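Student: need a structure here:
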Amino acid sequence: MDEKTKEKALKKLSLMKSRILFPNWIKSASDFDNYYSYLNLRDNFLDSMLYKIEGEIKKQFSVLHQTNNYTKSTIPNWMIPPTLVNAVYIPTENAIVIPAAIAGIPLFDADRLKALNYAGIGSVLGHEITHGFDNEGRKYNEIGSIEDWWHKETLKEYKKRVKCFVKAYDTYNVTFNNITLKGDSASTLGEDISDNGGFKESLFAYRKYVSENGEEPVLPQFENYTHEQLFTLAFANLWCETPTEDSESDFVFSDHSPNGVRTNGVLKNSKEFSEIWKCPKGSNMNPNVEKCSLW
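Tutor: Presented below is the predicted three-dimensional model:
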């Protein structure tokens, strides 16, 4: 990456806004009432929901012709409800949103090892941050406006490295009812890039924590595992599921890879994972293929 593009990338990262758990304005009764002033609740639940949706749409359209002042202090857009176990990156605002519902087990617990939290909520944070620089997010600048801020040669190298991810994830498929479905790695590209970035960034962040604070205590019953091995196990646990036929078939139309691929696709592609577990070259989790990396 050339210096000018790197400076722009660092500026975008430094100005990236974080909306964590809940907005501060909910602590103010007047701000709370003002925000929800559009609500017109009825005794009937369905009517109330319809009025709520109508009010939210009107609220969104009310700012359609307003100038987007990046520095203006306004009530921010959280995009998703606090009860949803998810997280998002909003490219037009250069902001990440981590609602309260996702800040629990298995992603976070204040009383457990930091290795597990870095692998959990840390990977999610890294994932959303990486979205700001994935194949779509890279098109937006630090204030959320579309801008061609990449140097020609840097962009050429970027696209070359992106093709590595497309090729790698094109090898994965899902089988159910004796039918094998092949995903479209081009449509999941942004999420695949962010999955890999999130794991790598959170692992490096954990290593920085250990270098500054020392090794953590040994986890009872897991004395034979290093903390970084526990880190990778906690990361894999994020995507643990019992898939159904519907969930398996849905991946064909999803912009996310199947959960199994979100785990093994990342770990097989990670040089650090192979070093942590001492996976022999050519083994299942350290295949003889090019490992993809953007940065």
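Student: what's the helix or strand for Ile98?
Tutor: strand 95-99 (DSSP states H and E).
Student: helices or strands next to the helix or strand just after that strand in the packing?
Tutor: Counting by DSSP H and E, the element after strand 95-99 in chain order, helix or strand, is helix 114-117. Here helix 114-117 touches helix 189-213, helix 227-237, going by 3 or more C-beta pairs under 8 Å, 6 or more residues apart in numbering; DSSP states H and E. From N, CA and C alone the C-beta is placed, and that goes for glycine too.
Student: ok, residues contacting helix 114-117?
Tutor: 107-109, 206, 209, 216, 227-228, 230-231, 234 (C-beta atoms under 8 Å, 6 or more residues apart in numbering).
Student: Sketch out the low-pLDDT regions of the stretch 151-295 of the chain for me.
Tutor: Across the stretch 151-295 of the chain, residues meeting the criterion (pLDDT under 70) sit at 176-183, 247-249, 251-252.
Student: which residues of it fall in strands?
Tutor: Along the stretch 151-295 of the chain, the stretches classed as strands by DSSP state E, counting those that start in this stretch are 173-176, 179-182.
Student: on that earlier part again, mind listing what's buried in the strand holding Ile98?
Tutor: 95-99 (16 or more other C-beta atoms under 10 Å).
Student: Low-confidence bits of the stretch 1-150 of the chain, can you list those?
Tutor: 68-76.
Student: which residues of it fall in strands?
Tutor: Under DSSP E, counting those that start in this stretch, the stretch 1-150 of the chain gives strands at 17-21, 88-90, 95-99.
Student: now the ones you listed as CSV including distance to Asp47?
Tutor: Below are these laid out as CSV (distance: least, C-beta to C-beta, whole Å):
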stretch, distance to Asp47
strand 17-21, 31
strand 88-90, 29
strand 95-99, 27
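Student: what sits against the residue of the chain positioned farthest from its centre?
Tutor: What lies farthest from the middle of the chain is Asp43; by C-alpha atoms, centre = their mean that is 38.8 Å. Listed by C-beta under 8 Å, 6+ apart, Asp43 has no contact partners.
Student: Numbering from 18 from now on, please.
Tutor: OK, 18 is where the count begins now, so the last one is Asp60.
Student: re earlier: which one of the buried residues of strand 112-116 is nearest Phe150?
Tutor: Ile113 (12.3 Å; C-beta to C-beta).
Student: measure the spatially closest residue to the closest one that is not a sequence neighbour to Leu255 for me?
Tutor: Leaving aside its sequence neighbours, Ile113 sits nearest to Glu145 (C-beta to C-beta, 6 or more residues apart in numbering; 4.1 Å). Noted for Glu145: a distance of 14 Å to Leu255, by C-beta to C-beta, to the nearest Å.
Student: okay, these two: which has more neighbours?
Tutor: More neighbours surround Glu145 than the other of Glu145 and Leu255, with 23 against 20 (other C-beta atoms under 10 Å).
Student: Now do the contacts for the more buried one.
Tutor: Contacts of Glu145 by C-beta under 8 Å, 6+ apart are 104-106, 113-115, 211, 215.
Student: Domain-wise, how is the protein divided?
Tutor: Split into domains by automatic domain parsing, the chain comes to 20-40+99-294, 43-92.
Student: Pick the most buried one from those.
Tutor: Among these, ranked by average contacts under mean count of other C-beta atoms under 10 Å, first place goes to domain 20-40+99-294 (a mean of 17).
Student: Nearest the geometric middle of the protein, what residue?
Tutor: His144 (3.0 Å).
Student: So that residue sits against Val105, correct?
Tutor: No: using C-beta atoms under 8 Å, His144 is not in contact with Val105; the gap is 10.3 Å.
Student: right, and the pair among the buried residues of strand 112-116 with maximum separation?
Tutor: Pairwise distances across the buried residues of strand 112-116 peak at 12.8 Å for Ala112 and Pro116 (criterion: C-beta to C-beta).
Student: Right, I'll leave it there.
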